[in-house]
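1. All I have is the shape, not the residue letters:
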Ligand SMILES: [Zn+2]
């Protein structure tokens, strides 16, 4: 594949850039048209790469791009999953280049979606093209690219159920995660689930003068902060009754296997520019992000935040709260536990509302599977070292659903690196990883 990449590189960039230039931001309704444009472009790219068939299939939300090449029904079938929607680019002033005008410099592609997930899904399209072009494709390949991953895939499970028959496959191949480092390739063998909520604390029926009422009427922002402060105990554990009831505790052997992944705390702190880390007592940093659940406030607002001073005692305070979950915590159940608890700790002087935003369950992938072994062999060949199994801290909500509905395991061959800062300003994707990913994927087909 190396040679093929060398010969077609410039065209690859142009094709990928045509996707990156479309601001397919699923979180904002104003981009509906961009979503459709991006899906259509992707379907064209699939056809050009050699698919027998590709379409923009409507769902209850943004369309799903479906494409396939059936070589022989008797052969194994690979279902490739990816997403063409991206995170909002804000804060715009932190970007060194236009988020939707991709550029190549310093050996990387820069722009929103360069990695997550347009860059990564594109590796699959090109590895497929290479296999088709060179007459090496010995699998049936199906592509399912959705436009709502970044908002929790609210409509994809229904679409999968409706298309269950044509999605039938032996494995669901996904590149939407990171590996530990270029020197330590890894394959994700589990991901955390998610419960995401928005809470609202309401005090007086209007904003008040903080001089006339301050000290006598409950300030919802003060109350919200106090409530949030109780959500962790002194050991860094989530202080919601029942939260840990179903958490699967890893065996000593499993923890040992995960500890094979190298981790340099000093480098980690330097990368983040922090003096110290914090988290649940009794667990390492990698365990805290991989095998343990957590709770974080993702946003908090209320009152006056404009220029200068406005002496106001606000009527409302809001926060968005995310909980990352591990097997066997169920997202729906945790959301209920949280809502009940949060309301129960509210003092009488305020009213509390809890709104469910999105959720999904975590999952585990068996490393004894044929697909895992093929991926490990492929990556060993490309990187010269055997990849280590790792546990990802993020969530791809819909993969647990894929497992349940289609009865197949996902396989996470992710080629992102921490340095790519996905979801943040200046997202990038290292060209070396972009090409190593294509090569690994092409070899995966060889060994699977
Ligand atoms: Zn992604």
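-> Looks like it arrived, so ask away. The shown structure was predicted, so the numbers you read here are calculated from the model rather than taken from an experiment. Numbering: from 1, shown residues only.
2. alpha carbons only for contacts and neighbour counts from here, please
-> Will do.
3. Which parts of this structure are helices?
-> Counting by DSSP state H, one finds helices in the chain at the ranges 2-20, 32-49, 118-133, 156-162, 210-213, 220-229, 252-258, 265-272, 285-290, 331-344, 370-383, 397-406, 431-447.
4. contacting residues for the closest residue to the ion within the stretch 251-400 of the chain?
-> With CA to the ion as the measure, residue 396 is the residue of the stretch 251-400 of the chain nearest to the ion, at 7.4 Å. Contact partners of residue 396, counting by CA atoms under 8 Å, 6 or more residues apart in numbering, are 149, 152, 191, 193, 360.
5. beta partners of the fourth one?
-> On DSSP bridges, the residues paired with residue 193 through beta bridges are residue 325.
6. going forward can the numbers begin at 33, since that is how I track them
-> All set: I'll call the first residue 33, so the last point we hit is now residue 225.
7. Tally up the residues packed near it, please.
-> 28 (other CA atoms under 10 Å).
8. cool, the second one as well?
-> The burial count assigned to residue 184 is 19, neighbours taken as other CA under 10 Å.
9. got it, and residue 315?
-> The number of residues packed around residue 315, counting by other CA under 10 Å, is 13.
10. Mind pulling up the pLDDT for it?
-> Note for residue 315: predicted pLDDT of 95.
11. Equivalent analysis for the one 4 residues further on, please.
-> In the predicted model, residue 319 carries a pLDDT score of 91.
12. Okay, now the unreliable bits of the chain?
-> Low-confidence segments of the chain (pLDDT under 70): 425.
13. and it, which residues reach the ion?
-> The chain comes close to the ion at residues 148, 149, 208, as judged by CA under 5 Å from the ion.
14. could you dump the residues you listed to TSV with distance to residue 50 and neighbour count?
-> What follows is the residues of the chain next to the ion, written out as TSV (distance: CA to CA, whole Å; neighbours: other CA atoms under 10 Å):
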residue	distance to residue 50	neighbour count
148	15	29
149	14	25
208	20	22
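15. Could you point out which of these is nearest to residue 319?
-> Ranked by distance to residue 319 (CA to CA), these are led by residue 208 at 20.5 Å.
16. Run through the residues that contact that closest one.
-> Residue 208 touches 114, 148, 149, 152, 153, 444, 445, 446, 447, 448, counting by CA under 8 Å, 6+ apart.
17. at 6 Å what do you get?
-> Under the criterion of CA atoms under 6 Å, 6 or more residues apart in numbering, the contact list for residue 208 reads 149, 446.
18. re earlier: could you check how far the residue of the stretch 283-432 of the chain closest to the ion is from residue 149?
-> As defined by CA to CA, to the nearest Å, residue 428 lies at a distance of 12 Å from residue 149.
19. just residue 308 next, same as before
-> 31 Å.
20. Likewise for residue 135?
-> From residue 135 over to residue 149 (counting by CA to CA), the distance is 17 Å.
21. next one: residue 282
-> As defined by CA to CA, residue 282 lies at a distance of 30 Å from residue 149.
22. now do residue 82
-> Using CA to CA, one obtains 21 Å as the distance from residue 82 to residue 149.
23. and what of residue 107?
-> Here residue 107 is placed at a distance of 28 Å from residue 149 (CA to CA).
24. Let me know how buried the closest residue to residue 377 other than its chain neighbours is, in neighbour terms.
-> Excluding the flanking residues, the one nearest residue 377 by CA to CA, 6 or more residues apart in numbering is residue 259, at 7.0 Å. Residues lying near residue 259 (other CA under 10 Å) number 15.
25. And residue 259, how far from residue 351?
-> In this structure, residue 259 and residue 351 are separated by 11 Å, where distance is defined by CA to CA.
26. Next: residue 453.
-> According to CA to CA, residue 453 stands 24 Å off from residue 351.
27. Could you check which of those two has the larger neighbour count?
-> Summary of the neighbour comparison: residue 453 and residue 351, criterion other CA under 10 Å, with residue 351 having more neighbours (21 against 15).
28. Assess the claim that that one and residue 231 are in contact.
-> Yes: Residue 351 sits in contact with residue 231 when judged by CA atoms under 6 Å, with a separation of 5.4 Å.
29. Name the nearest residue to residue 246, ignoring sequence neighbours.
-> Using CA to CA, 6+ apart and skipping residues adjacent in sequence, the residue nearest residue 246 is residue 345, 6.6 Å away.
30. my bad, residue 421
-> Residue 421 sits nearest to residue 219 (CA to CA, 6+ apart), 5.0 Å away.
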